[in-house]
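[1] Predicted coordinates and the sequence they were generated for:
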Amino acid sequence: NAGVTQTPKFRILKIGQSMTLQCAQDMNHNYMYWYRQDPGMGLKLIYYSVGAGITDKGEVPNGYNVSRSTTEDFPLRLELAAPSQTSVYFCASSGGLSGANVLTFGAGSRLTVL
Amino acid sequence: GNSVTQMEGPVTLSEEAFLTINCTYTATGYPSLFWYVQYPGEGLQLLLKATKADDKGSNKGFEATYRKETTSFHLEKGSVQVSDSAVYFCALRDNYGQNFVFGPGTRLSVLP
């Protein structure tokens, strides 16, 4: 049981470049989330999804986009990278009988924009 | 809106010392409360949880009791180990959806 898998683990981007952070879960969870964690700070919610085909903005959605075409996958897209998007990004999921009410996190993706 | 406040870190303790990390929350209704732990270079892992007032969550020697009267969920451990060095996050989930709110985290360093 892999849980939540994020790729890549590390990435360096130049200002204005685009990229997609991949997230997949194999627990059949309905809910999926993207958070960012800045140094010394807590987690801020970027986007979340309550099921395939349904997404909604979190606290800090500007500069990002998401899609949820399947239950398993929830990619996060950065269209025009900016230095302010340098952060560690965490994908998480919850739901199902055993996963209800609890978040399961991926290992994180560290992004640096230069 | 909902919010979580944690004591400022970093916290530095000697091995076998007693640990308390304070957490208070603001929320409507009856949220579920959590402690997550983040070891260096890793994602967050659930440490313990409590879903209703007076519940006590416990795991790996850590405990926290859901106190609705003081809106608190303080984390305690009687004897910390070097391996407990990590960042600890208090969090809540409201009962109206699946949105979680996290505190800023408290970094704990345990010295041998």
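    Right, received. Where do you want to start?
[2] CA only for contacts and neighbour counts going forward, please
    Will do.
[3] any chance you could map the strands in the chain?
    Let's take chain A. A:4-7, A:10-13, A:19-25, A:31-37, A:43-51, A:54-57, A:64-66, A:76-78, A:87-95, A:100-105, A:109-113 (DSSP state E).
[4] Chain B is the one I meant
    B:3-6, B:11-14, B:19-21, B:23-26, B:32-38, B:44-50, B:56-59, B:62-65, B:75-77, B:86-93, B:100-102, B:106-111.
[5] Need the contact partners of the third one.
    By C-alpha atoms under 8 Å, 6 or more residues apart in numbering or on different chains, the list of residues contacting strand B:19-21 from outside reads B:6-7, B:13, B:74-80, B:106.
[6] Report the two of the residues you listed separated the most.
    Within these, two members stand farthest from each other by C-alpha to C-alpha: B:Q6 and B:S79, at 20.7 Å.
[7] Between the two, which has more neighbouring residues?
    B:Q6 (22 against 14; other C-alpha atoms under 10 Å in any protein chain shown).
[8] check contacts around B:V87.
    Listed by C-alpha under 8 Å, 6+ apart, the contact partners of B:V87 are B:37-39, B:105-108.
[9] Identify the bridge partners of it.
    With DSSP bridges as the criterion, B:V87 is bridged to B:Q38, B:R107.
[10] tell me the pLDDT at it?
    On pLDDT, B:V87 comes in at 94.
[11] Pull out the buried members of the contacts of strand B:19-21.
    By neighbour count, with 16 or more other C-alpha atoms under 10 Å in any protein chain shown, the contacts of strand B:19-21 hold B:6-7, B:13, B:74-77, B:80, B:106 as buried.
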